[in-house]
Each structure stands twice: as structure tokens, then as C-alpha cells.
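>>> Generate a structure from the sequence data that follows.
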Amino acid sequence: MKWNLQNTYSQLPPRLFTQMNPISVKSPKLLLHNKSLAKSLGLEMNPLDEEKLSQFFSGNVLPNGSKPLAQAYAGHQFGNFTMLGDGRAILLGEQLTEGQNLFDIQLKGSGRTPYSRGGDGRATLKSMLREYLISESMHYLGIPSTRSLAVVSTGETVQREWDNEGAILTRVAKSHIRVGTFEFAHQYLSLEEQKEFTAYVIKRHYPEIQDSNELALDLLKRVMDMQADLIADWMRVGFIHGVMNTDNMSISGETIDYGPCAFMNIYEPKTVFSSIDTMGRYSFGNQPKIAHWNLSRLAISLIPQIDENQEIAIKKAQETLDEFPSIYQQKWNQAIRNKLGLVGEEPNDIALIEDLLNLMHQYKADYTNTFLDIQSGDFSENPLFQSDSFQDWYVNWIRRATRNGQSLEEVQALMSQYNPQYIPRNHKVEEALFQATENNDYGIFNELLHIMETPYQAKENTTAYQFPPIEGDDGYQTFCGT
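Numbering: from 1, shown residues only. Reported below is the predicted structural model:
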């Protein structure tokens with residue numbers, strides 16, 4: 001294994017982290033190892049060295065060059081400011097690849113830190129398997145995401161509502177810097193230290209703006225643009241993050257922290273699965289608005305760096321933030337045009353799109369499969385497709401989709417790139433996790449993972465993975481790992 005760890009984060013102002021080692025575990029056992037990701041990172045290892053891998057990915061043995069640390073950050077959780085930090089994670093360092101790219105290598109579930117609260121410290125096997133499965137699925141769906149390199153069981157018990165098997169996930173990210181990290185910096189660092197941190201983030205993630213005369217403002221613009229892309233992608237596949245606190249919004253534009261996340265089956269913008277989101281703050285349809293709200297917290301944190309004159313700084317920040325809804329709307333309109341195979345822009349496109357979504361909502365249609373049925377023209381017995389309203393809509397769609405000289409086959413080819421044949425259906429995810437954790441049977445888990453590696457390609461004998469359960473998602477809830 002060719003570790004090439006850098007430790008650039010440890011060179012930042014010391015209040016941003018605490019240097020400490022992972023806490024050793026009793027008897028680590030390697031359960032999952034993402035070999036293709038390992039290869040891309042330059043971390044290939046002889047598969048016969050499973051014991052050595054278990055020691056590395058549990059934190060019992062530190063790789064050469066590692067200066068492990070827990071990061072400090074803050075966050076607005078359900079709108080309330082809270083002091084936070086890595087309460088159960090340790091950053092081993094940043095792996096420098098042959099392409100000269102840096103990737104954080106982090107152990108999640110590696111023990112308590114000075115930032116730990118309540119149930120922090122260790123992680124359950126079920127929650128780590130869940131993050132591995134969903135984060136890798138998101139990657140293969142083409143959506144920026146942290147990734148999962150390995151899962152190791154610890155041989156220890158983790159207490160939640162009941163005793164659980166413990167595990168550690170090795171998580172890979174462009175970085176683990178969050179909006180909440182900037183909130184922490186704004187609250188606790190000097191202005192010079194804040195500028196140092198901002199310069200670091202720009203050099204690492206947005207080097208194209210390093211020569212800007214307005215570094216902080218341009219950083220806000222870049223993060224805003226990346227988040228608009230990300231949320232449009234979430235909405236395209238029906239993903240519901242579930243806990244969009246500012247500490248769960250990555251500066252690099254990656255999806256991060258797969259706690260109570262899930263995928264929407266029936267199209268309903270108010271869909272919420274998270275057990276702690278009792279008011280629907282982070283519902284499917286609210287995600288663009290919450291992204292905008294979170295970005296306003298980033299803007300507030302950057303105010304002292306935007307301009308010495310606070311009034312001018314606030315004006316510039318507000319003008320920038322006010323652009324987000326239109327930026328997002330433009331990206332979303334393009335995303336759903338792609339889902340419908342529409343080339344170019346026409347004045348009636350928005351009405352065509354909204355009419356379909358309204359019909360899907362009215363007839364409680366499956367979000368993923370409705371687009372697939374339109375794509376194939378092979379309509380099921382769903383009442384939506386039997387309605388006069390849909391048949392009128394379908395004729396209008398055919399006219400619009402083929403008006404620019406596209407054949408129907410070309411329209412279908414475009415749609416197939418943006419409409420996944422498979423998403424991690426909630427009931428299959430739960431079945432996979434139950435069998436793995438209760439029966440030590442990884443058959444369904446591995447099959448689902450394999451299917452999700454090529455989610456846009458239809459496969460034989462996979463019908464069970466393409467439809468929601470007959471009873472739907474009634475009563476289905478997801479939970480935070482802590």
C-alpha cells in the first residue's frame with residue numbers, strides 16, 4: 001500500500017483541530033474493501049494482507065506520514081447554532097495521488113474526541129454499511145459524494161437503543177471542510193487567521209480564483225454554484241439528505257454525511273423520512289431553499305473578509321446570495337429537460353414540466369419509474385397513464401421532444417443518461433442491512449451494490465430492485481447514527 005499522506009490541514013491555525021490518535025479497537029475484521037477506489041488513490045494492496053488492512057482501517061496501526069487529528073467546526077442544526085466537531089472521526093491525512101490531487105482519508109467511528117457529545121465516539125455496523133452503500137451509489141449515479149474505502153468491524157459493542165456491533169468506515173473526500181467550519185472560524189479565529197483559512201480552502205478547492213481581488217466573495221460564488229449543481233442532482237434522482245445542517249454542507253460541493261438519508265418513491269415534495277425532522281424542514285421539496293439558507297450562514301461568516309466596511313460587505317454578500325434561486329432554477333430546469341430528452345429551451349417547457357409533476361403528484365406515481373416509462377413508451381397499468389390528462393400531455397411532449405429534428409430514438413438515448421434504472425430503494429437497503437448485520441449474510445448487500453455500479457443500464461432478473469414495496473413507504477423512518 002503506497003501511502004503518500006500530506007498533512008496540510010495540520011498547518012492551519014491550531015484552534016481548527018485537535019491532534020490525537022484513533023482509539024484502538026479490540027479485534028478488527030475487514031468486511032468491505034473498495035478495491036477500485038483504492039487503486040485510484042494509489043492504495044492498492046495484496047489481498048492476502050487482510051490482517052494488515054484491518055489494522056490500518058481500524059486505526060490500530062497508523063500509516064507512515066500520518067498526523068491524525070479531529071477537526072473543529074460549528075453548525076446550525078435545524079436552524080440553531082451549535083458548537084460541534086469530529087465527535088467520532090479522525091483525519092489520518094490527505095492522500096496525494098499520482099494526478100497530484102489531495103483526498104482526505106478519515107476514519108469514522110474511531111472513538112471519542114474532545115468534540116464528542118452524547119452517543120458520539122463509536123459507530124454501529126449498520127450505520128457504516130449504510131453510508132458505504134449509499135455513498136457509493138451516489139457516486140455511480142454521477143452525483144458528487146464522499147466515498148467509502150473500507151468497513152471494519154471492531155469486535156466491540158456500541159450502545160444505542162440496544163446493543164449493536166461496532167464498526168469503522170474509512171471515508172474519502174476532497175476535504176471535510178464544511179460551511180460549519182467557516183462558522184467556527186468566524187466565531188473563534190482572528191481576522192488574519194480567518195483569511196489564512198479562506199486562502200487555504202481556495203488553494204485546495206478553487207485555485208482558479210486565487211488571483212481575485214475579492215477572494216471571499218468569489219469563494220461564496222463558487223460554493224453557491226457548486227451547491228446549486230449538487231441539489232439539482234439530488235432532486236433529479238429523488239434523493240433526500242434528511243439532515244441538511246450547515247455542518248453537513250461541504251465546501252467542495254460533495255454530498256456528505258449519510259445519516260437519515262433516503263430515496264423518494266412516490267412523487268411527493270413534502271416527503272420526509274428522518275425521525276428527527278418532525279417539522280419537515282429538510283423535506284424533498286425544501287432542499288433548494290435550505291441550501292440557500294445554509295449559504296447565507298456562509299455569507300455571514302465571510303462578511304469581515306468581504307470588505308472592511310461592514311455595510312458594503314453586507315450589500316455585496318446579499319446581492320450575491322439573491323442570485324442563488326435563479327441559478328438553481330436554471331440548473332434544475334436543465335436537469336429535468338435532460339430527464340425528458342428536451343434539447344434547447346422553449347417558452348412552454350416550464351409549463352410542460354410542471355404539468356407532468358402535478359399529474360405525478362395527483363396520481364401518486366413512482367418518481368423514478370414514471371420517467372423510465374415515458375422514456376420507453378411502455379406504459380404500465382398505473383392510473384396516471386390511463387388518464388386523458390396524461391395522454392394529452394404525452395402528445396405535447398412528443399411534439400416538443402422531436403421538434404428540433406431529434407428522432408424519438410435520440411430522445412430516448414438522451415433520457416437514458418439522466419434517468420437511472422435503479423436507485424437504492426429504501427426497502428432493499430433495509431433488507432440488505434438487516435441480513436448483513438443480523439445474519440452475517442452480505443448477499444443482498446453485494447447484489448445491490450453491484451447493481452448500483454451501473455445504475456443507468458437495465459439488467460436481467462433485477463425486477464425486485466426496480467419497484468417499491470406494495471405497501472409503499474408508509475411508516476418508513478430513518479435515523480441518525482448517533
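>>> From now on I want contacts and neighbour counts done on CA atoms only, so please keep to that.
Will do.
>>> In this protein, which strand is the longest?
Counting residues, the longest strand found in the chain (DSSP state E) is strand 147-159.
>>> That one: partners in the sheet, and parallel or antiparallel?
On the basis of DSSP bridges, the sheet neighbours of strand 147-159 come out as strand 29-33 (antiparallel), strand 163-173 (antiparallel).
>>> now what about the longest one, what contacts it?
Read it as strand 163-173. 57-58, 103-110, 122-125, 128-129, 132, 145-158, 254, 437 (CA atoms under 8 Å, 6 or more residues apart in numbering).
>>> Alpha carbons of whichever helix or strand comes after that strand, as CSV, please.
Stepping forward along the backbone from strand 163-173, the first helix or strand reached (DSSP states H and E) is helix 179-188. Coordinates of each C-alpha in helix 179-188 appear next as CSV, following Å, rounded to 0.1, in the frame of the first residue of the first chain:
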residue,chain,number,x,y,z
VAL,A,179,-20.0,25.6,6.0
GLY,A,180,-19.9,25.0,9.7
THR,A,181,-16.1,25.1,9.6
PHE,A,182,-16.3,28.7,8.4
GLU,A,183,-18.9,29.4,11.1
PHE,A,184,-16.4,28.2,13.6
ALA,A,185,-13.6,30.2,12.1
HIS,A,186,-15.7,33.4,12.1
GLN,A,187,-16.6,32.8,15.8
TYR,A,188,-13.2,31.8,17.2
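>>> after helix 179-188, next one along is what?
Toward the C-terminal end, the helix or strand that comes next after helix 179-188 (DSSP H and E) is helix 191-205.
>>> returning to what we had before: give me the buried subset of the contacts of strand 163-173.
Members of the contacts of strand 163-173 that pass the buried threshold by neighbour count (16 or more other CA atoms under 10 Å) are listed as 57-58, 103-110, 122-125, 128-129, 132, 145-154, 156-158, 254, 437.
>>> Compute the distance between Asp225 and Lys364, please.
In this structure, Asp225 lies at 32 Å from Lys364, with CA to CA, to the nearest Å as the measure.
>>> Pretty sure Arg281 sits against Ile240.
No: Arg281 is not in contact with Ile240 according to CA atoms under 8 Å; the separation is 11.5 Å.
>>> Have a look at those two and say which one is more surrounded.
When Arg281 is set against Ile240 and neighbours are counted by other CA atoms under 10 Å, the residue ahead is Ile240, at 26 against 19.
>>> So what pairs up with that one in the strands?
Ala262.
>>> tell me the contacts of it?
Neighbour list for Ile240: 234, 261-264, 272, 282-284, 287 [criterion: CA under 8 Å, 6+ apart].
>>> And Val272, by the same measure?
By CA under 8 Å, 6+ apart, the residues touching Val272 are 240, 242, 280, 282-284.
>>> Okay, the residue nearest to Glu453 when sequence neighbours are not counted and Pro325: tell me how far apart.
Nearest residue to Glu453 in three dimensions, chain neighbours excluded: Tyr140, at 5.5 Å (CA to CA, 6 or more residues apart in numbering). Distance of Tyr140 to Pro325, computed by CA to CA: 27 Å.
>>> can you check Leu230 too?
In terms of CA to CA, Leu230 sits 14 Å off from Pro325.
>>> Those two: who's more crowded?
Set Leu230 next to Pro325 and count neighbours by other CA under 10 Å: Leu230 wins out with 23 against 15.
>>> What distance do you get for that one to Met224?
10 Å.
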